[in-house]
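**Student:** Below is the sequence, then the predicted model.
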Amino acid sequence: MKAKRYYYLCWLIIFFSPSLLFGQPDTSLSEGEFISGDDDDFYLVRSYSVIAGGNLNLSNYGSIPGNGYVAAAPDFELSFNNYNVRDIEFRAEGCDTVLLINDPSGNWRHDDDGGTGNGSLLRYTAAASGTYDIWVGTYGSSNCNATLEIETFNSVCQIYGNDSQYISRNSEQLYLEESFQVTGRGEANISDCTSLGNSGYIPSSPSLVLSFDNYQNRELEVSTNISCDAVLVIREPNSNFLYNDDGGSGTQSSIRIASPETGDYQIWVGTYSSNSNCSGSVSLETFNGPNTILETAAEREQRIELERIEAERLAEQRRIEAERLEEQRLVEEQRRLEEERQRIEEESLARAARIAQLEQRRFIQNPMQCESLVNSINESRTQAYEIWPRDQRNRIIGEVEDINTLSSGDTTVTLTGLALDTMFFDPNAICIVNSSSLSEDDFTLYEVVDLVCDSWNADDGVSRFLGCNFYSGSE
């Protein structure tokens, strides 16, 4: 009885927990199409065909939002670089679709009917760079043909602007605090410009763009001092956004970056309220941290010079190695050319020997020249008959190009001319010999044969010799 109850319990668990039976949407699966690009690549919309749907009902998974049916593996995996901090939009159209996306931060988003008609749409403001796993599902349980469109748009805020201040400093220069005059402006909602989702308003372009060289690996602190409630947003060189409100003195804001990278930092000094304009300043200062490299300007110059010398040494080493490899390649090429020359010379000598052998035998009886015969046939059959009477035995010489045995028992051999000597055949002229007394075994491809044939006929410029046997020299 206990075993029976256990059996029913197992089936109840499986019935009410479909994920145990079918799994759930899994970003680790890589069965979908891989897409790679940056915000410029998708500034003109790109479209991808897909069969929407799957056997997983999203309503059964509490940790994943939305409704509809999707497959376990994402339909697409997008590797995205957002250099210009644009918005990115995903649209699924063509039938009653749903969209499910796991973004670079591991967050899930879902949409149903947010696009045109029954289509779905998801838009990421100032989208983060990284991997987006995308499922194109269906509202119902049936699959359908759909199209995924990906497009980027300029964000409300730009990372560079004509009215931004541009400065260049290193970690040593900012070891003494330095301030810059700014106006805190509340022109755009932070949530429309970044993926932060925090409160406050910032200028449409950075107040300050800092080109920062952190060769000492110091910490960097940015603080506001304006005449109203300030908010501070910083975009790091790796495209990551930082935000602070009231982290400084009173209603001022301050951000300290523990391990700032070398590169450009876009700094927005904004206001907590919209449409505000507050004059003041923003200050920059570096501090020694646990990983700070303490060296004087002279020591740094010496280190840079040593690094330059080492780089030149390595470059010279690579140049010498490249020259060695090129010399080795030239020697190998020369060897290959010499082998090719020897091969051509050997072939020429062998062919010359065959020609000489045939020339030596011409005094017995001049062989029929297929080239002249074919030309005569094409120009005037009567001329050909007069020069080479059909009912007399004729001698023909050439290289064996093809061998076949007909059903009637005749062996058919196609001959070609010896191109190195004009006394023999034009390679375009075709002569065919037939023999019932010779077999395929009597011929070898590409050998030179000397035959005597009982008669010949012609059709469309092809001469066919009948009753052929090898020439013995006594005919």
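**Tutor:** Good, I have the coordinates. Numbers count the residues shown, from 1 in each chain.
**Student:** so how far is N107 from F80?
**Tutor:** 15 Å (CB to CB, to the nearest Å). In this view, the C-beta of every residue, glycine as well, is placed from N, C-alpha and C.
**Student:** So for those two, which residue has more residues nearby?
**Tutor:** Set F80 next to N107 and count neighbours by other CB atoms under 10 Å: F80 wins out with 23 against 11.
**Student:** I'd assumed F34 was in contact with the more buried one.
**Tutor:** No: taking CB atoms under 8 Å as the definition, F80 is not a contact partner of F34, at 11.9 Å.
**Student:** How about the contacts made by N67?
**Tutor:** By CB atoms under 8 Å, 6 or more residues apart in numbering, the residues touching N67 are 58-59, 98, 110, 112, 139.
**Student:** remind me which residues of the stretch 251-400 of the chain are low pLDDT?
**Tutor:** By pLDDT under 70, the weakly predicted segments of the stretch 251-400 of the chain are 355-371.
**Student:** which residues in it form strands?
**Tutor:** Under the criterion DSSP state E, counting those that start in this stretch, the stretch 251-400 of the chain contains strands at 254-257, 263-271, 277-287, 394-405.
**Student:** Name the stretch among these that sits most buried.
**Tutor:** Mean neighbour count (mean count of other CB atoms under 10 Å) peaks for strand 263-271 among those, with a mean of 24.
**Student:** Would you mind pulling the contact partners of that one?
**Tutor:** Under the criterion CB under 8 Å, 6+ apart, residues 157, 159-160, 164, 182-186, 190, 193, 200-203, 206-212, 220, 222, 224, 226, 228-238, 278, 280, 282 lie in contact with strand 263-271.
**Student:** what about 7 Å?
**Tutor:** For strand 263-271, contacts defined as CB atoms under 7 Å, 6 or more residues apart in numbering pick out 159, 182, 184-186, 200-203, 206-212, 222, 224, 226, 228-237, 278, 282.
**Student:** How about stretch 34-49?
**Tutor:** 33, 76-84, 86, 88, 147-152.
**Student:** all helices of the stretch 151-300 of the chain, in order?
**Tutor:** Counting by DSSP state H, counting those that start in this stretch, one finds helices in the stretch 151-300 of the chain at the ranges 190-193, 297-361.
**Student:** tell me the phi and psi of A72?
**Tutor:** A72 adopts backbone torsions of phi -70, psi -40, taken as degrees, to the nearest 10.
**Student:** again with the one 4 residues further on
**Tutor:** Per-residue torsions, F76: phi -140, psi 150 (degrees, to the nearest 10).
**Student:** Likewise for Q392?
**Tutor:** For Q392, the backbone dihedrals (degrees, to the nearest 10) come out as phi -100, psi 160.
**Student:** Let me see the contact set for it.
**Tutor:** Per CB under 7 Å, 6+ apart, neighbours of Q392: none.
**Student:** Distance-wise, check it relative to A458.
**Tutor:** With distances taken as CB to CB, Q392 is found 15 Å from A458.
**Student:** got it, and E323?
**Tutor:** The value you get for E323 to A458, if CB to CB is used, is 64 Å.
**Student:** now do S168
**Tutor:** 90 Å.
**Student:** Identify, out of the helices of the stretch 151-300 of the chain, the most deeply packed stretch.
**Tutor:** Mean neighbour count, computed with mean count of other CB under 10 Å, is highest for helix 190-193 among these, reaching a mean of 21.
**Student:** Restricting the selection to alpha carbons, write that one to PDB.
**Tutor:** Output of helix 190-193 as PDB, limited to C-alpha atoms (Å, rounded to 0.1, in the frame of the first residue of the first chain):
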ATOM      1  CA  ILE A 190      17.900  59.300 -16.300                       C
ATOM      2  CA  SER A 191      15.700  56.300 -17.100                       C
ATOM      3  CA  ASP A 192      15.400  57.500 -20.700                       C
ATOM      4  CA  CYS A 193      19.200  57.800 -21.100                       C
END
